[in-house]
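Asker: Just a sequence and a predicted model for now, questions to come.
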Amino acid sequence: MPKINGNEIRPGAILDHDGGLWAAVKVNHVKPGKGGAFAQVELKNLRDGRKLNERFRSEDKVEEVRLDLKEQQFLYETDGRLVFMDSETFEQTELDADLLGDRRPFLQDGMTATIQYFGDEPLSVQIPQKVKCRVAETEPVMKGQTAANSFKPAILDNGVRIMIPPFVGPDEEIIVHTELMEYSERA
């Protein structure tokens, strides 16, 4: 694995540090008046989700890890485990449903997701940024409500509560941004 200097760490980089795999979430480069420059890095453990704040000087060497990305199709969920299938080899992979966190309801049958692997070990799941959902229930439109930039609460067919524009009614399909958990556009 290639080694990089502490000042070359960027957000999203995967590092082999303290015997674990860590993703750099936030990186702040600091140049104090006295002493050498350093990078203050917020790390998140890819295996158990722990967070760590670490300071790397520019002369520190860290191993950067390259993860393999594989597109796989979601099949079903059983006992809190998500089952995905590789479209080329038809091998099935089981992952913990907690890896998706709040985005779990947006995972739909047959959806293609990107799974990050370290060797043969699956570490994380990325679902598409935008997903089509149906509005299950919402409040009726009030006359004159469209004049201001206002939103109303809605419950989607997957049980997620979001805010939608007043012109969207029940049983309409909309596109939801899965990372921001908010309305994007009409389908």
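Answerer: It's in. Residues are numbered from 1 along each chain as shown.
Asker: CA atoms of the lowest-mean-pLDDT helix or strand in the chain as PDB?
Answerer: One helix or strand of the chain scores below all others by mean pLDDT, DSSP states H and E: strand 121-126, with a mean of 84. Output of strand 121-126 as PDB, limited to C-alpha atoms (Å, rounded to 0.1, in the frame of the first residue of the first chain):
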ATOM      1  CA  GLU A 121     -14.300  -8.000   3.300                       C
ATOM      2  CA  PRO A 122     -17.300  -5.800   2.500                       C
ATOM      3  CA  LEU A 123     -17.100  -2.500   4.400                       C
ATOM      4  CA  SER A 124     -19.800  -0.100   3.200                       C
ATOM      5  CA  VAL A 125     -22.800   0.300   0.900                       C
ATOM      6  CA  GLN A 126     -23.600   3.300  -1.200                       C
END
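Asker: Please name the bridge partners of K3.
Answerer: E63 (DSSP bridges).
Asker: need the contact list for it.
Answerer: 61-64 (C-beta atoms under 8 Å, 6 or more residues apart in numbering). For every residue, glycine as well, the C-beta is placed using N, CA and C.
Asker: Give the PyMOL command for selecting the buried subset of these.
Answerer: One line in PyMOL is enough to select the buried members of the contacts of K3, burial here meaning 16 or more other C-beta atoms under 10 Å:
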select buried, resi 62+64
